[in-house]
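1. Turn this into a structure:
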Amino acid sequence: MAVENTSIKDAQDRMKKAEQSLEHELGNIRTGRANASLLDRIKVDYYGTPTPVNQMTSITIPEARVIMVTPYDKTALKSLEQAILISDLGINPSNDGTAIRLVIPQLTEERRKELAKDVKAEGERAKVAVRNVRRDAMDDLKKGEKDSTYTEDQLHDLETQMQKVTDVAIKAVDKIVADKEKEVLSE
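-> As a prediction, this is how the structure comes out:
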């Protein structure tokens, strides 16, 4: 008989958030290919309000290494260009009067290897987060046994379920990291 426990469900949700956070962080790593998520962290001063680029523009990728950013309001073009210039993107925008072109430079082999290391480091941070969630859930389960909420056998079953949930989350993190590494190392 499997014992249901909210600690396991909560842990599963928190592990899912760690995976999503990893995907978000890896989305910000430049790979030599155009990716609209590169612009996610950039905010433009739009009539005195810091506005995310994706809320005030149409972002298209006409070629593999080109991002085309077209503001809905053409008067925002200059402030958009300025925001991209001062960001940590490291790409010079090309303004043609109606849109901004961002040409993603080709990465060197050395830079690709550095990025692959960064990807692995982010993956390790995500795994640590998953393990911390497991540790917290295991502590909750042990408290439940001490409080006589469930028996020692039920605790063992719950710990086994928790380990299975953790293994699934770790495999998911490994797959995300492997996919991003492959993307970074390929040309």
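2. Point out where this structure drops to low pLDDT.
-> 1-4, 30, 187 (pLDDT under 70).
3. most remote residue from it's center?
-> Centroid-distance maximum for the chain: S148 at 40.0 Å, with CA atoms, centre = their mean.
4. For that residue, which three-state class applies?
-> coil (DSSP: H, G, I helix; E, B strand; the rest coil).
5. for D45, same thing?
-> Under three-state DSSP, D45 comes out as strand.
6. What is the burial count for it?
-> 13 (other CB atoms under 10 Å). Quick note: C-beta positions are derived from backbone N, CA and C, even for glycine.
7. Look up how far V173 lies from it.
-> 37 Å (CB to CB, to the nearest Å).
8. Can you pull the domain assignment for the protein?
-> The chain breaks down into these domains under automatic domain parsing: 6-27+108-185, 36-103.
9. tell me the phi and psi of the most centrally placed residue in the chain?
-> Computing the C-alpha centroid of the chain and ranking residues by CA atoms, centre = their mean puts H24 first, at 1.5 Å. Reported as degrees, to the nearest 10, the phi and psi values for H24 are phi -70, psi -50.
10. And P50, by the same measure?
-> phi -70, psi 110.
11. same deal with the one 5 residues further on?
-> According to degrees, to the nearest 10, the main-chain angles of Q55 amount to phi -90, psi -10.
12. show me the contacts for it.
-> By CB atoms under 8 Å, 6 or more residues apart in numbering, the contact list for Q55 is empty.
13. what does the one 4 residues further on give?
-> For I59, the contacting residues are A36, L39, V53, I67, M68, V69, T70, taking CB under 8 Å, 6+ apart as the criterion.
14. Inside helices: which ones of the residues you listed?
-> Counting by DSSP state H, those place V53 in helices.
15. Adding neighbour count, write the contacts of I59 out as JSON lines.
-> Output for the contacts of I59, formatted as JSON lines (neighbours: other CB atoms under 10 Å):
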{"residue": "A36", "neighbour count": "15"}
{"residue": "L39", "neighbour count": "22"}
{"residue": "V53", "neighbour count": "23"}
{"residue": "I67", "neighbour count": "23"}
{"residue": "M68", "neighbour count": "17"}
{"residue": "V69", "neighbour count": "24"}
{"residue": "T70", "neighbour count": "14"}
